[in-house]
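Engineer: From the sequence below, what's the structure:
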Amino acid sequence: MTAGADVTTARPAGQRPPLSCRTSPPLGGRLAVTTVIACWPTSPAFIRRPVSAKGRGRNSPDRCQNMTAKTKSSPLFLGIDTGGTYTDAVLWSEAGGPNGKVLAKAKALTTRHDLAVGISGAVDAVLQKAGTDPAAIKLVSMSTTLATNALVEGQGGRVALVMIGFSEGDLARDGLKAALASDPVVFCPGGHDVHGNAAKLDLSGLEAVLPELGASVSGFAVCAYFATRNPAHELAARDLIREKTGLPVTASHELSAKLGGPRRALTTLLNARLISMIDRLVAATEGFLGHRGIAAPLMVVRGDGALVSAAFARQRPIETILSGPAASLVGARHMTGLDDAVVSDIGGTTTDVAVLDKGRPRLDPEGATVGGFRTMVEAVAMRTFGLGGDSEVALEDGVLSPKILLGPRRLVPLALAGMVHGEAVTSELERQLRAPNPGRMDGRFAVRTGVPERLAAGLTAPEARLYEAIGSVPLALDRLLTSNAQNATLNRLVSRGLVHISGFTPSDAAHVLGKQANWDAATARLGAELFTRKRDGRGQFVAATPEAISERVLLTLTRWSAEYILETAFAEDGLDGAATVAHALVQRAVDAHPGIARLSVALDRPVIGLGASAPLHYAGLAELVGNGCVVPEDTDVANALGAVVGQVRVSAEARVSQPKEGLFRVASGETVRDFVDEAAAIAAAETDVRAIAAGRARDAGTDSAEIEIASEFRVSTVEGQRMFIEALVVAVASGRPRIAV
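Structural biologist: Below is the predicted model of the structure:
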């Protein structure tokens, strides 16, 4: 079968991976395996930053050496992005112009079982290339997609949710029950009303189950009714849990001041699940920096693009969802200078699409949506799709001419598995190729992720048996699984983050075609051969050669990328993005389908393509979206660069209500106070939020914060008289992060 666009590239109707967020990308081009360093010549792409007539671009080798010499006396900044596939590092200096200079960049494979290995590989490589004394580094900042990918793939620790003042019926709201899944929940009487008046609190039921829960969960999430108006009951539950179990506890009022209990509980639940993951990442990074003699503050990028200290992020890991994508937007703006653009960042697990307006990313006022769940986390208005270089490649079922399907699940590419495990993988693929008939599980393997054994707590008996059978070396699924029920069990282990599945991906297709060469191409070709043995609805092979099926896969990825970019644009224009893109007229326009009525569709601004594989997968994008596509020189480390050029930004809120006429109640932070005068209450609220914002700014890592305060009043007029209802006072503190002296 030939690789025609009408056969292979259009997304089937309704095929839309859930909203989620990015893994660091597989490499495009012929790059080294684990230490791909800046200053290599970049391959031609459709639009690039200009270079001189002599070919000496920003990152040519001799230019890099000169930059290093010029900036020896200037403070250096180290940016790190830890993604699901790669860990990126970039060394940047403020010297030499308004945009500073990238001195060197490097990549290493992310090692999930021990993140310090991947971090050290990337950072050591970038330091060696730049010839830099580690002591010259005065700030380290990192972005990460581990939290977002965990939510996309349904992973995270097992936690207990404590609901105070809620009923079981509240679980049905805002997707809370779906997010909770099989994790335990405890209901306790208590909570407050809209004015912060308390109901009777009873924590005896919680105290009775704490011994059992303490042994089977990794943390707790506590949400009380109207805790944003009075957090006293959450504080009581938090203190009790910490005293009895010693485990991490997240209270909902610490994360959001917004009303909406079930969604606040959802946000708190997800935060609790992520704490151990982010804690391991920060600990690994801090340990590495200490061993290398880098005595510099460590910052983390939040989902809105702001920087916060590592200690701040450890307590509020939910705020790092969309960290990688947010950093990439900051980096995209910094690298291109474009104020208006659509930014599309393709990684290993996901593609993130967002819009730059007047030099700033659009923020989502309703909160970030990740893994299909709407949270209360303020973040960039990013639409994230389960499409990347490591996406699962499958075949559409039940049709005569099946299309290629991609994602949303990430697989370990066969080329990567073959590079790491060699004969253990290739011998099984060759055995399957020798079989007279193709098998349903051909080309698929299971391998442990390498996370600590304690994270396997709470497995059912079937899950525990299957987990025991899987080791650190990939095991072919046709040898591992004996029933469909076991397949479902395996999927649960994958969702818990305990097991990876390895199989054929677009990264493998790129290796087959010689467009990517950082892993083992021979293993990728074996996987492609197995895929060609699949049959369509007529009983014919889906492709004649490994090259043919690989070409179809890459065409499909580019086409789906265009559709997701257009879907985002339509949604930003107020339309149903998915439905609009799926419409026959838009499909004909994207295909440039010939007809009496000629149709076209075009963006009003260019696309900035980010990700190491962007030059490969976005080469044919411009003609599909009707505008140019800019791929910056440092596109492969946009996240790491964005991590060091941002600012600290934190906020604090106080709410003033009127429980009864003449009484004004101020709820700010963890305190509630009453006043008899409106002006005094507003003044106290402003004083409180200024102090809270200043304290948070210090905790978040800046000593030079500028604070702005804004107030919003809700009033009504009754018989010509003004009547106060409510006021919201918000303080925003921002500044550059502190650096080592």
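
Engineer: Residue ranges in this protein under the pLDDT threshold?
Structural biologist: Along the chain, the parts satisfying pLDDT under 70 run over 1-73, 84, 96-98, 112-113, 153.

Engineer: Identify the single longest helix in it, thanks.
Structural biologist: For the chain, the helix with the greatest residue count under DSSP state H is helix 261-291.

Engineer: Please list the outside residues in contact with the helix or strand that that helix is followed by.
Structural biologist: Remark: after helix 261-291, the chain's next helix or strand is strand 298-301, criterion DSSP states H and E. Strand 298-301 is contacted from outside by 139-144, 282, 285-286, 289, 307-310, 312-313, 320, 323-324, 326-327, 330, 642-643, 646, 648, 701, 737, using C-beta atoms under 8 Å, 6 or more residues apart in numbering. From N, CA and C alone the C-beta is placed, and that goes for glycine too.

Engineer: Now stretch 650-666 - C-alpha only, PDB.
Structural biologist: Extracted in PDB, the C-alpha atoms of stretch 650-666 (Å, rounded to 0.1, in the frame of the first residue of the first chain):
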ATOM      1  CA  VAL A 650       3.600  34.900  43.300                       C
ATOM      2  CA  SER A 651       0.200  36.200  44.500                       C
ATOM      3  CA  ALA A 652      -1.900  36.400  47.600                       C
ATOM      4  CA  GLU A 653      -5.600  37.000  48.000                       C
ATOM      5  CA  ALA A 654      -7.800  38.300  50.800                       C
ATOM      6  CA  ARG A 655     -11.600  38.400  50.800                       C
ATOM      7  CA  VAL A 656     -13.800  40.800  52.700                       C
ATOM      8  CA  SER A 657     -17.400  39.700  53.200                       C
ATOM      9  CA  GLN A 658     -20.300  41.100  55.300                       C
ATOM     10  CA  PRO A 659     -21.900  38.300  57.300                       C
ATOM     11  CA  LYS A 660     -24.400  40.700  58.800                       C
ATOM     12  CA  GLU A 661     -25.000  44.400  58.400                       C
ATOM     13  CA  GLY A 662     -22.200  46.500  60.000                       C
ATOM     14  CA  LEU A 663     -19.800  43.500  60.300                       C
ATOM     15  CA  PHE A 664     -16.900  43.100  57.800                       C
ATOM     16  CA  ARG A 665     -15.000  39.800  57.900                       C
ATOM     17  CA  VAL A 666     -11.500  39.600  56.400                       C
END
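
Engineer: Give the buried residues for that stretch.
Structural biologist: 650-658, 664-666 (16 or more other C-beta atoms under 10 Å).

Engineer: Also stretch 619-635?
Structural biologist: Buried residues in stretch 619-635 (16+ other C-beta under 10 Å): 619-622, 624-627, 629-635.

Engineer: Just the CA trace of that stretch, in PDB.
Structural biologist: C-alpha atoms of stretch 619-635 as PDB (Å, rounded to 0.1, in the frame of the first residue of the first chain):
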ATOM      1  CA  ALA A 619       9.000  20.200   7.700                       C
ATOM      2  CA  GLY A 620       5.700  20.000   5.900                       C
ATOM      3  CA  LEU A 621       3.600  22.000   8.400                       C
ATOM      4  CA  ALA A 622       3.600  25.400   6.800                       C
ATOM      5  CA  GLU A 623       1.500  24.300   3.700                       C
ATOM      6  CA  LEU A 624      -1.000  22.700   6.000                       C
ATOM      7  CA  VAL A 625      -1.600  25.700   8.300                       C
ATOM      8  CA  GLY A 626      -1.300  28.400   5.700                       C
ATOM      9  CA  ASN A 627       1.400  30.400   7.400                       C
ATOM     10  CA  GLY A 628       5.200  30.200   8.000                       C
ATOM     11  CA  CYS A 629       6.800  28.000  10.500                       C
ATOM     12  CA  VAL A 630       9.800  29.300  12.500                       C
ATOM     13  CA  VAL A 631      12.200  26.700  14.000                       C
ATOM     14  CA  PRO A 632      14.800  28.600  16.200                       C
ATOM     15  CA  GLU A 633      18.400  27.400  16.400                       C
ATOM     16  CA  ASP A 634      18.000  26.300  20.000                       C
ATOM     17  CA  THR A 635      14.600  24.800  19.600                       C
END
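
Engineer: And the furthest pair within the buried residues of stretch 619-635?
Structural biologist: The span of the buried residues of stretch 619-635, defined through C-beta to C-beta, is set by 626 and 634 at 26.3 Å.

Engineer: Name the helix or strand for the residue minimising distance to the centre of the chain, please.
Structural biologist: Note on the chain: the residue nearest the mean C-alpha position is residue 148, at 3.3 Å, using C-alpha atoms, centre = their mean. Secondary structure from DSSP H and E places residue 148 in helix 146-152.

Engineer: Which of the buried residues of stretch 619-635 fall within helices?
Structural biologist: 622, 624-625.

Engineer: can you give me the end-to-end distance of stretch 225-238?
Structural biologist: 15 Å (C-alpha to C-alpha, to the nearest Å).

Engineer: Run through who's touching that stretch.
Structural biologist: Outside stretch 225-238, the residues that touch it by C-beta under 8 Å, 6+ apart are 162, 164-166, 188, 190-199, 201, 203, 206, 222-224, 249, 251-253, 256-259, 261, 264, 655, 657, 667, 670, 672.

Engineer: so how far is it off the chain centroid?
Structural biologist: 30 Å (C-alpha atoms, centre = their mean, to the nearest Å).

Engineer: now stretch 347-358
Structural biologist: That offset, for stretch 347-358, works out to 11 Å (C-alpha atoms, centre = their mean).

Engineer: Just the contacts of strand 298-301: which are in strands?
Structural biologist: 139-144, 307-309, 648 (DSSP state E).

Engineer: Mind putting these into a markdown table with neighbour count?
Structural biologist: Formatted as a markdown table, these follow (neighbours: other C-beta atoms under 10 Å):
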| residue | neighbour count |
| --- | --- |
| 139 | 24 |
| 140 | 29 |
| 141 | 29 |
| 142 | 31 |
| 143 | 37 |
| 144 | 33 |
| 307 | 32 |
| 308 | 28 |
| 309 | 20 |
| 648 | 27 |
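
Engineer: who touches residue 266 in this structure?
Structural biologist: Per C-beta under 8 Å, 6+ apart, neighbours of residue 266: 174-176, 179, 373-375.

Engineer: run the last query once more with 6 Å
Structural biologist: Applying C-beta atoms under 6 Å, 6 or more residues apart in numbering, we find residue 266 in contact with 174, 176, 179.

Engineer: Only C-alpha atoms, please: export stretch 483-493 in CSV.
Structural biologist: The C-alpha trace of stretch 483-493 is given here as CSV (Å, rounded to 0.1, in the frame of the first residue of the first chain):
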residue,chain,number,x,y,z
SER,A,483,-5.4,-13.7,29.0
ASN,A,484,-7.2,-10.5,28.2
ALA,A,485,-7.7,-10.0,31.9
GLN,A,486,-3.9,-9.9,32.4
ASN,A,487,-3.7,-7.2,29.7
ALA,A,488,-6.1,-5.1,31.8
THR,A,489,-3.9,-5.8,34.9
LEU,A,490,-0.8,-4.7,33.0
ASN,A,491,-2.5,-1.5,32.0
ARG,A,492,-3.2,-0.7,35.6
LEU,A,493,0.5,-1.3,36.5
